[in-house]
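Student: below is the sequence, then the predicted model.
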Amino acid sequence: MIHEIALKEIISENRGREDYGDLEQLAESIKTFGLIHPIVIDENKHLIVGGRRLAAHFLLGLPTIKCIYFNELSDQMKKEVELEENISRKDLTWQEEIRIKNELVKLKSSRLGKDWDSSKTSDIFNESSRTTRKDLELMDGVKKFPELLKEENKTTAATKLRRLKDDRLRAITAQTSNFDSTGLYHGDCIEVMKSLPGSSVDLILFDPPFGESYDKKTTEDGTWHECYGSYEDSLANAIVLVSEVLKESNRLLKDGAHMFMFFSLRLSTSSLFATAIHNAGLSYQEQPLFWLKSGNQNYQPYHRFTINYEPIIFIWKGSKPRDLAHEHPAAFSHLLDPDKKHPAQKPVALYKDLIELSAKLGEVVLDPTAGSGVSVATAKSLGRRFIGIEKEERWYQLMLETVNQAKGGENND
């Protein structure tokens, strides 16, 4: 039975929740529709639940409020009141809080059916509907992943839940794919990429020509680097190649999947690479990553600094990247491998870091300009599926040799 009682008669001392947040929206709802969910008091008119509703009535200047006496409630409603009272306590653990919320919502929904909605749910918890929704989602997650209960707080538990859901989805996608995602290709990278199915790649490692006439630079013995064959390493050619690869990468990457692109950090040209990424419809972190390495040759060591790093752009498909496997600083410090066989070869340890950060066991790693094949060989050794593409015959043969010598890791095809 619903009663009407004067606000001044209600005793609401020692409430567990003192901060009722923004009451204006609730007050406006009460003003428009009236109080749909009465407060609960005991026989001595002490408030049991409904502090936020009572505060909204005071805000509106209303003289009375609808109430229900606790001893008049059914057993189920008494259980609901008990849970509502518990949720207002300040000493609940986060695990207890989400469990009580979940149980209370079930009771309310079973009793009231269509008359119970999400806005009323958040109202009884004195919080935003978004907070309530997130807590109920976390409770559903705990049922599927009980290990979440070991987390220190809701924030870390919610973050881990998101990762667990992503891992499960990515595992299902990998298992159901009929795409032959392990292979080495001898040919033009653009044409090969166009032949691959869309949304099939989990990570792209892209080490393109930098457009610095590297093919015209000489070694210590005075000979040219002959690493690009008939390709002329001009800036114009490099931008065209990078732009086309980025466009195909957007098609091939799964939503949120990562791409690491090495590039030349020159103030006069770096904006061209950024524009190419934007035009391809990809997203990127504006602050580059850095591979710290041993110093390059410096023909004027007392006139200019020796460049001992290469920048890397962290790119992803869509508005938000997948989570990295773990935290990592923007600098990767790895010396060149002593048995380096390609002029632009990156160390195994660097590729290992990048792959483990962004691709899980069984996922697909693509290198469209694979050169020596160290990138895809590392993917193979880490149990990832791999696609390596190389146009120049001698580097393709080196890639075959490098990958064939690599031992396959766990879950490798």
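Tutor: Everything's here; your move.

Student: show me how the protein divides into domains.
Tutor: Domain ranges of the chain: 3-161, 179-405, per automatic domain parsing.

Student: out of the ones you listed, which comes closest to Asp167?
Tutor: Nearest to Asp167, of all these, is domain 179-405, at 6.8 Å by C-beta to C-beta. Glycine gets a C-beta too; all of them are placed from N, C-alpha and C.

Student: in the protein, which spans are helices?
Tutor: For the chain, applying DSSP state H gives helices covering 24-33, 51-60, 75-87, 94-112, 118-124, 129-144, 154-176, 189-195, 235-252, 270-279, 348-358, 374-381, 393-405.

Student: rank these by mean pLDDT and give me the bottom one.
Tutor: Lowest mean pLDDT within these: helix 118-124, a mean of 67.

Student: what about the residue lying closest to Ser199 once chain neighbours are set aside, how many neighbours?
Tutor: For Ser199, ignoring the flanking residues on the chain, the nearest one in space by C-beta to C-beta, 6 or more residues apart in numbering is Lys254 at 5.1 Å. Using other C-beta atoms under 10 Å, Lys254 is surrounded by 20 other residues.

Student: need the winner for burial among the helices of the chain.
Tutor: Of these, the one with the most neighbours on average (mean count of other C-beta atoms under 10 Å) is helix 374-381, at a mean of 27.

Student: quick one, that one and helix 348-358 angle?
Tutor: Calculated by axes from the mean of the first three to the mean of the last three C-alpha atoms, to 10 degrees, helix 374-381 forms an angle of 60 degrees with helix 348-358.

Student: now find how far off-centre helix 374-381 is within its chain.
Tutor: Distance, stretch centre to chain centre, for helix 374-381: 24 Å (C-alpha atoms, centre = their mean, to the nearest Å).

Student: show me what it is packed against.
Tutor: Judged by 3 or more C-beta pairs under 8 Å, 6 or more residues apart in numbering; DSSP states H and E, helix 374-381 is in contact with helix 348-358, strand 364-367, strand 385-390, helix 393-405.

Student: with distance to Val240 as new columns, can these be given to me in CSV?
Tutor: Formatted as CSV, the helices and strands packed on helix 374-381 follow (distance: least, C-beta to C-beta, whole Å):
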stretch, distance to Val240
helix 348-358, 25
strand 364-367, 19
strand 385-390, 17
helix 393-405, 20
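
Student: wait, doesn't Thr238 sit right on Phe210?
Tutor: Rather than Thr, residue 238 is Ala. Yes. Between Ala238 and Phe210 there is a contact at 6.2 Å, judged by C-beta atoms under 8 Å.

Student: picking that back up, out of the helices of the chain, which is closest to Met1?
Tutor: Closest of the helices of the chain to Met1 is helix 75-87, at 11.8 Å (criterion: C-beta to C-beta).

Student: and the domains of the chain as a markdown table, adding distance to Arg168?
Tutor: Listed next are the domains of the chain as a markdown table, based on distance: least, C-beta to C-beta, whole Å:
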| stretch | distance to Arg168 |
| --- | --- |
| domain 3-161 | 9 |
| domain 179-405 | 11 |
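
Student: need the helices of the chain in CSV (columns: distance to His3).
Tutor: Shown next, in CSV, are those (distance: least, C-beta to C-beta, whole Å):
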stretch, distance to His3
helix 24-33, 17
helix 51-60, 14
helix 75-87, 15
helix 94-112, 20
helix 118-124, 19
helix 129-144, 28
helix 154-176, 37
helix 189-195, 73
helix 235-252, 64
helix 270-279, 64
helix 348-358, 62
helix 374-381, 71
helix 393-405, 80
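
Student: Asn298 is nearest to which of the ones you listed?
Tutor: Among the helices of the chain, helix 270-279 comes nearest to Asn298, with 21.1 Å by C-beta to C-beta.

Student: got the contact list for that closest one?
Tutor: Here helix 270-279 makes contact (C-beta atoms under 8 Å, 6 or more residues apart in numbering) with 235, 239, 242-243, 246-247, 261, 263-264, 283-284, 286, 313, 315.

Student: what's the angle between it and helix 235-252?
Tutor: Between helix 270-279 and helix 235-252, the angle comes out at 30 degrees (the same axes, to 10 degrees).

Student: who are the neighbours in contact with Ile2?
Tutor: Contacts for Ile2 (C-beta under 8 Å, 6+ apart) come out as Pro38, Lys66, Cys67, Ile68.

Student: again, only using 6 Å
Tutor: Each residue near Ile2 by C-beta atoms under 6 Å, 6 or more residues apart in numbering is listed here: Pro38, Lys66.

Student: relative to Ile65, how far out is it?
Tutor: Here the criterion is C-beta to C-beta, to the nearest Å. By it, Ile2 lies 11 Å from Ile65.
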